[in-house]
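Participant: Turn this into a structure:
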Amino acid sequence: MKTIFKISLILFSIVSYAQTNTEVFLFDLESHNSKIEIKNGKNISNNQGYDNQPSFLDNRYIVFSSIRNGQTDIAKYDTRYNAKIWINHTEGGEYSPLKIPNKHEVSAVRLDPDGKQRLYTYSLSNGQSSELIKDKVIAYYTWFNNETIVSAVIEDEKLNLYVSNILNGTNQKLASNVGRSFHKIPNSNLVSFISKENEIQWQIKSLNPTTGAIKVIANTITNVEDICWLDNKTILSGKDNILYKLTLNKDNNWKQIADLSSNGITKITRLSTNALSTQLLIAGDIEANSASQEPIDNSSEDETEITETETTSPNTSTETSDIEAIIQRNLDAYNARNIDAFMKDYADDVKLYVYPNTLQTEGKEAMRKSYNDWFNRVPDLRAFIKKRIVIGNKVIDEEQVTANGKIFNAVAIYEVEDGLITKVTFIQ
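Facilitator: Next comes the predicted model:
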């Protein structure tokens, strides 16, 4: 019975919102003389199903967990061009992506097909991943610095707080029965966490990961464990569709600052601010009729401009979504070196070109022979999509390919007709 409970808790800790329709919203944030205002709300995920746990990579890029083809992966959003790409292509589901300090990498909790829940690091250059902490089932976490992680570890039928050093492999338990919200407190050497030791009144506490010292900061809103810091004195939190703030040593209680019902949000589940405290990310359940609506505010023309170095936002029409799904399925088969699944997506008269118009192979059989030999000769074969543009029936992928220990870049232009790939042009 104890084993069953632990397995259930592991799954619940990450996928408890999986059946809800959550979206990620980006707001402008202004603060003047203790008055906080949020405006220009925009749905940046705009995706049916689970989109949650957003965080800022920097003042331009955002990462969050997003579902596609029935699996949760890491999405990267460019605020300058309103564009979304995918960081990883793994068999597991990724949750709680965060920038690793001073590295060109993100971390995420991954629920693997074998049922194990681990913390991984992912390269922002090629998406390759590696396990960070062994022998600990991590549910939620934050980075104190690029060596130290503060996390909620699943054990003894609850979540316990650990400080882990990834360089020397040490893990120190410092608190029991904690919540899911962990944040580095701005301009301090402290991390905040939610203590649930008092079941009637949860508390926000601070931890010094170096000394282990723990202090009480404030009470949470009743039964709410999701917070973020605007600065080292002001905390934001939400209950249902209402956003609140608490300024330490000034506010006696949580004060309402915004009603998000006009944005279609019915329940706030995650919050995150950028380093400048000028933007706010809010993830939340939305009204049923808001599931696939366009972004709430209208983007200006320059925000959707196509450039040579940036991807456009995916077209949300069914036809274009189907075309992109075909290309993604084909890429997955390529990375699995599954020749039958790979060739299934190509037309009998498919033509492969080297840019601009040099015919490489013609016909499905010739292509199968060439790629089957390639798959057999390259055991470390892997293609990672750096950028993707979908225009009409064409998909343009900028790829980074690993083969026989070498890495090279290429561009592939796919053309799809009647559900099959009829032409591919490669630029190397």
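Participant: Sketch out the low-pLDDT regions of this protein for me.
Facilitator: Counting by pLDDT under 70, the chain shows low-confidence ranges at 1-20, 288-321.
Participant: can you give me the helices in it?
Facilitator: 2-15, 318-335, 339-343, 364-377 (DSSP state H).
Participant: What separation do you get for residue 245 and residue 90?
Facilitator: 38 Å (C-beta to C-beta, to the nearest Å). Quick note: C-beta positions are derived from backbone N, CA and C, even for glycine.
Participant: what do you get for residue 427?
Facilitator: From residue 427 over to residue 90 (counting by C-beta to C-beta), the distance is 27 Å.
Participant: what about those two, which has more around it?
Facilitator: residue 90 (19 against 14; other C-beta atoms under 10 Å).
Participant: didn't the more buried one look like it was pressed against residue 128?
Facilitator: No - look at residue 90 against residue 128 with C-beta atoms under 8 Å: they stay out of range, at 10.0 Å.
Participant: For stretch 199-214, list every residue counted as buried.
Facilitator: Along stretch 199-214, these residues count as buried under the neighbour rule (16 or more other C-beta atoms under 10 Å): 202, 203, 204, 205, 206, 207, 208, 209.
Participant: The last one against residue 143, yeah?
Facilitator: No - judged on C-beta under 8 Å, residue 209 makes no contact with residue 143 at a distance of 10.2 Å.
Participant: and for these two, which residues touch both?
Facilitator: residue 150 (C-beta atoms under 8 Å, 6 or more residues apart in numbering).
Participant: about what we covered before: columns distance to residue 123 on top of the buried residues of stretch 199-214, output as a markdown table?
Facilitator: Putting the buried residues of stretch 199-214 into a markdown table (distance: C-beta to C-beta, whole Å) gives the following:
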| residue | distance to residue 123 |
| --- | --- |
| 202 | 37 |
| 203 | 37 |
| 204 | 34 |
| 205 | 34 |
| 206 | 32 |
| 207 | 29 |
| 208 | 31 |
| 209 | 25 |
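Participant: Among those, which are located in strands?
Facilitator: 203, 204, 205, 206, 207 (DSSP state E).
Participant: Tell me the one of those residues nearest residue 22?
Facilitator: Lowest distance from residue 22 to those (C-beta to C-beta) belongs to residue 204, with 23.4 Å.
Participant: Can you give me the distance of that closest one to residue 194?
Facilitator: Taking C-beta to C-beta, one finds residue 204 at 6 Å from residue 194.
Participant: so who does residue 110 touch?
Facilitator: Listed by C-beta under 8 Å, 6+ apart, the contact partners of residue 110 are 90, 92, 93, 94, 95, 117, 118, 119, 120, 129.
Participant: can you pull the contacts of the nearest residue to residue 355 once chain neighbours are set aside?
Facilitator: Spatial nearest neighbour of residue 355, chain neighbours left out: residue 427 (4.3 Å); criterion: C-beta to C-beta, 6 or more residues apart in numbering. Each residue near residue 427 by C-beta under 8 Å, 6+ apart is listed here: 355, 410, 411, 412, 413.
Participant: Show me the strands in the stretch 51-200 of the chain, by range?
Facilitator: Using DSSP state E, counting those that start in this stretch, the strands found in the stretch 51-200 of the chain span residues 51-56, 61-68, 71-78, 83-86, 93-99, 105-111, 117-123, 129-131, 138-143, 148-155, 158-165, 170-176, 183-184, 191-195.
Participant: Might you calculate how far the shortest one sits from the centre of the chain?
Facilitator: Shown here is strand 183-184, whose average C-alpha point lies 18 Å from the average C-alpha point of the whole chain (C-alpha atoms, centre = their mean, to the nearest Å).
Participant: so what strands line up beside that strand?
Facilitator: strand 191-195 (antiparallel) (DSSP bridges).
Participant: Quick one: distance of the strand it pairs with to the chain centre.
Facilitator: 22 Å.
Participant: So what touches that strand?
Facilitator: 142, 144, 150, 152, 161, 175, 177-185, 202-207, 209, 216-217, 220, 225, 227, 229.
Participant: Render the CA-only coordinates of it in CSV, please.
Facilitator: This file holds the C-alpha atoms of strand 191-195, laid out as CSV (Å, rounded to 0.1, in the frame of the first residue of the first chain):
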residue,chain,number,x,y,z
VAL,A,191,15.5,31.1,-1.2
SER,A,192,11.8,31.1,-0.3
PHE,A,193,9.7,28.0,0.1
ILE,A,194,6.2,27.1,1.3
SER,A,195,6.0,25.3,4.6
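Participant: Would you mark the buried spots in it?
Facilitator: Within strand 191-195, the residues that count as buried by 16+ other C-beta under 10 Å are 191, 192, 193, 194, 195.
Participant: same thing with stretch 383-394?
Facilitator: Of the residues in stretch 383-394, 383, 384, 385, 386, 387, 388, 389, 390 count as buried by neighbour count, 16+ other C-beta under 10 Å.
Participant: Can you tell me which of those end up in strands?
Facilitator: Residues of the buried residues of stretch 383-394 located in strands (DSSP E): 383, 384, 385, 386, 387, 388, 389, 390.
Participant: just these now: which is nearest residue 324?
Facilitator: residue 390 (5.3 Å).
Participant: related to what we said a few turns ago, can you add distance to residue 339 and give the buried residues of stretch 383-394 back as CSV?
Facilitator: Below are the buried residues of stretch 383-394 laid out as CSV (distance: C-beta to C-beta, whole Å):
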residue, distance to residue 339
383, 15
384, 20
385, 21
386, 25
387, 27
388, 24
389, 27
390, 26
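Participant: Of those, just say which sits nearest to residue 51.
Facilitator: Among the buried residues of stretch 383-394, residue 388 lies closest to residue 51 (C-beta to C-beta), at 18.0 Å.
Participant: Which residue is the nearest non-sequential neighbour of the residue nearest to the spatial centre of the chain?
Facilitator: Among the residues of the chain, the one closest to the centroid is residue 64, at 2.6 Å (C-alpha atoms, centre = their mean). Leaving aside its chain neighbours, residue 64 sits nearest to residue 54 (3.8 Å; criterion: C-beta to C-beta, 6+ apart).
Participant: Thought residue 61 was touching the one you found, still the case?
Facilitator: No - using C-beta under 8 Å as the test, residue 54 is too far from residue 61 to be in contact (11.1 Å).
Participant: Of these two, which one has the most company?
Facilitator: Counted by other C-beta under 10 Å, residue 54 and residue 61 do not tie: residue 54 has more neighbours, with 25 against 15.
Participant: contacting residues for the more buried one?
Facilitator: For residue 54, counting by C-beta under 8 Å, 6+ apart, the contacting residues are 24, 62, 63, 64, 270, 272, 281, 283.
Participant: which one of these sits closest to residue 326?
Facilitator: Distances from residue 326 to the contacts of residue 54, taken as C-beta to C-beta, are shortest for residue 64 (24.7 Å).
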